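Visitor: Sequence plus the predicted model coming up.
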Amino acid sequence: MRSPVPDYLQEVLDDLAHNRDGVVADYIPELAAADPDVFGIALTTVDGRTHVAGDADLAFSIQSISKPFAYAAAIIDRGLEAVEAKVGVEPSGEAFNELSLEGETRRPKNPMINAGAITAHHLLVGAAARPEERVERARSFFSELAGRDLGIDESVFSSELDTADRNLSIAHMLRNYGIIDAPAHDVVEGYTRQCSIEVTVRDLSLMGATLANGGVHPCSGRRVLSRAVARQTMSVMAGCGMYDAAGRWLTTVGIPAKSGVAGGLLGALPGQCGIAVLSPRLDDHGNSVRGVEAFRRMSADMGMHLVDAEPYDATVVRDVYVVDDATVFVIQGTIQFGGAESILHAFESDDTATPAAVVDATRIDHLSDVGRRMLLEGLRRLRLDGRRVVLVDPDTVLPEPDLDHDGMRPDAVVDDLTMIGG
């Protein structure tokens, strides 16, 4: 059977192909020459399957979609505290290229506007980094996320640098207030090279899927960035990634996202997928017109809104029944706080008074950290109540089940229910 997902993506492209609203980024000569009718889409799941339609393998410059990834790299290189000392995380409510800083700290308001992105680029590698080291750090990090070696479009770089007066003025302002200490021209040149790295929507969807997967690359399985850095990055994307249209984007689409003036648009839906669209015509906010509409369509059709969560936690307790002298609690699925609370409620509500409590974890797909801690505490309390506690855990989803951090363990850990006697 052929997956219907690519057919659905093609349907989205076909339905929006007639929309010719917006204009290409004509203030950069090389981007002004782009084919306005290009349209491609790619979606990569967190377990590494990529579906594409349209111009999915056409290379274009990453532009401002580089901002969240450079921000993530800066946090990796310098630590969150050092980065937050130089750039904030609040939505600006202003255009991407405004010459504005916070009133007291003089920090850029967030890393998704140009002032914050220039600052984040300046923070790459370390305090004494050379300009070429910062550029290579961005290029190599983006390459690792994309799963292939990425290059820089020198034509776009030269064209963009020739028209970089506004970014130069921003950099001089940042240097004046001590936010950056390197020469303004060096930082802007490096930032412009970062924005000129060539990608495809296939690349971007994989980069977004790595964020969505908590920093683990969906194909290689390698941890590229920590879960905390991935969360920080997606959080800032959700609040600031679509510039002065961020509020409407969050309410109508609900996917952490970042746009670029070459027409790219990237989304990272936590725990599910990365999505990228290319369509060069831009709206007044600098976002791809057809890209925005494609995301709205997918969010509505596929239930992708971040806060439109399914109540799956309520189904984690699959069954509770008594066999011989034991009460068996069958639990399943992905267990986060809500699901763990349901399990604890099942323990608390149990009035069978059997000598043994058996927790069957055979059907658990994943335990979050809080889910693991809450489940262990529940097992500890069952044992303190005087019951014999047996854990059925053939796949070791609950390794080293130390119930009180001092050596208390279940009375038995077995591979199947036939072994619970004794």
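Guide: All right, it came through fine.
Visitor: Mind splitting the protein into its structural domains?
Guide: 4-302, 317-419 (the TED database).
Visitor: quick one, which of these is packed in tightest?
Guide: domain 4-302 (a mean of 20; mean count of other C-beta atoms under 10 Å). No exception for glycine: its C-beta is placed from N, CA and C like everyone else's.
Visitor: start to end distance for that one?
Guide: Start-to-end span of domain 4-302 (C-alpha to C-alpha, to the nearest Å) is 13 Å.
Visitor: what is the mean pLDDT for it?
Guide: Domain 4-302 shows a mean pLDDT of 94.
Visitor: gap between that domain and the chain center?
Guide: Chain-centre distance of domain 4-302: 12 Å, with C-alpha atoms, centre = their mean, to the nearest Å.
Visitor: With distance to Asp308 added, can I get the domains of the chain in TSV?
Guide: Below are the domains of the chain laid out as TSV (distance: least, C-beta to C-beta, whole Å):
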stretch	distance to Asp308
domain 4-302	7
domain 317-419	15
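Visitor: what's the helix or strand containing Glu11 packed up against?
Guide: Assigned by DSSP states H and E, Glu11 falls within helix 5-16. In terms of contacts (3 or more C-beta pairs under 8 Å, 6 or more residues apart in numbering; DSSP states H and E), helix 5-16 is packed against strand 40-45, strand 50-54, helix 289-302.
Visitor: which residues are contacting the first one?
Guide: The contact list for strand 40-45, computed with C-beta atoms under 8 Å, 6 or more residues apart in numbering, reads 5, 9, 12-13, 50-58, 200-202, 204-206, 208-209, 218, 272-279, 294.
Visitor: Export it to PDB, keeping only CA atoms.
Guide: The C-alpha coordinates for strand 40-45 follow below in PDB (Å, rounded to 0.1, in the frame of the first residue of the first chain):
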ATOM      1  CA  GLY A  40       6.900  22.600  -2.200                       C
ATOM      2  CA  ILE A  41       6.100  20.900   1.100                       C
ATOM      3  CA  ALA A  42       7.700  18.300   3.300                       C
ATOM      4  CA  LEU A  43       6.700  16.600   6.500                       C
ATOM      5  CA  THR A  44       9.000  14.400   8.600                       C
ATOM      6  CA  THR A  45       7.800  12.400  11.500                       C
END
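Visitor: just the angle between it and helix 289-302, please?
Guide: When axes from the mean of the first three to the mean of the last three C-alpha atoms, to 10 degrees is applied, the directions of strand 40-45 and helix 289-302 differ by 40 degrees.
Visitor: List the strands paired with strand 40-45, with their directions.
Guide: Sheet pairing here is set by DSSP bridges, and for strand 40-45 it gives strand 50-54 (antiparallel), strand 273-278 (antiparallel).
Visitor: Surely Asp319 touches Ile331?
Guide: No: look at Asp319 against Ile331 with C-beta atoms under 8 Å: they stay out of range, at 9.1 Å.
Visitor: list the contacts for Met298?
Guide: Val12, Ile275, Met304.
Visitor: and those residues as CSV, adding distance to Thr119?
Guide: Listed next are these as CSV, based on distance: C-beta to C-beta, whole Å:
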residue, distance to Thr119
Val12, 36
Ile275, 28
Met304, 31
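Visitor: Thr396: which of these is nearest?
Guide: Using C-beta to C-beta, Met304 comes nearest to Thr396 of the contacts of Met298, at 32.6 Å.
Visitor: if you average pLDDT over the strand ranked longest in the chain, what comes out?
Guide: Assignment by DSSP state E gives strand 356-367 as the longest strand of the chain. The predicted model assigns strand 356-367 a mean pLDDT of 92.
Visitor: ditto for stretch 396-407
Guide: 80.
Visitor: Can I get it in CSV, CA atoms only?
Guide: What follows is stretch 396-407, C-alpha atoms only, in CSV (Å, rounded to 0.1, in the frame of the first residue of the first chain):
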residue,chain,number,x,y,z
THR,A,396,12.1,-2.8,31.1
VAL,A,397,10.2,0.4,30.6
LEU,A,398,10.8,1.1,34.3
PRO,A,399,14.5,0.2,34.7
GLU,A,400,16.0,0.1,38.2
PRO,A,401,12.7,0.6,40.0
ASP,A,402,14.1,2.0,43.3
LEU,A,403,11.0,3.1,45.1
ASP,A,404,12.4,5.4,47.7
HIS,A,405,16.0,6.1,46.4
ASP,A,406,17.3,4.0,49.3
GLY,A,407,17.0,0.4,47.9
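Visitor: I'd like to check what contacts the helix holding Glu11. Which residues are they?
Guide: Here helix 5-16 has contacts from 39-41, 43, 51-54, 290, 293-294, 297-298, 301, using C-beta under 8 Å, 6+ apart.
Visitor: likewise stretch 211-226?
Guide: By C-beta under 8 Å, 6+ apart, stretch 211-226 touches 44-48, 68, 72, 76, 144-145, 147, 206, 209-210, 227, 229-231, 233-234, 256, 268-274.
Visitor: Pull up the distance across stretch 179-198, start to finish.
Guide: OK, stretch 179-198 end separation, C-alpha to C-alpha: 29 Å.
Visitor: Let me see the residues that make contact with the following helix or strand past the longest strand of the chain.
Guide: Note on strand 356-367: by DSSP H and E, the next helix or strand toward the C-terminus is helix 369-384. Residues outside helix 369-384 that contact it (C-beta under 8 Å, 6+ apart): 335-337, 339-341, 343-344, 347, 357, 359, 367, 389, 391, 398, 401-404, 408, 410-411.
Visitor: Please flag which of those residues sit within helices.
Guide: Phe337, Gly339, Ala340, Glu341, Ile343, Leu344, Phe347 (DSSP state H).
Visitor: Dump these to JSON lines, plus distance to Leu384 and pLDDT.
Guide: Shown next, in JSON lines, are the ones in helices among the contacts of helix 369-384 (distance: C-beta to C-beta, whole Å; pLDDT from 0 to 100):
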{"residue": "Phe337", "distance to Leu384": "22", "pLDDT": "81"}
{"residue": "Gly339", "distance to Leu384": "23", "pLDDT": "85"}
{"residue": "Ala340", "distance to Leu384": "18", "pLDDT": "87"}
{"residue": "Glu341", "distance to Leu384": "19", "pLDDT": "85"}
{"residue": "Ile343", "distance to Leu384": "17", "pLDDT": "90"}
{"residue": "Leu344", "distance to Leu384": "14", "pLDDT": "90"}
{"residue": "Phe347", "distance to Leu384": "12", "pLDDT": "92"}
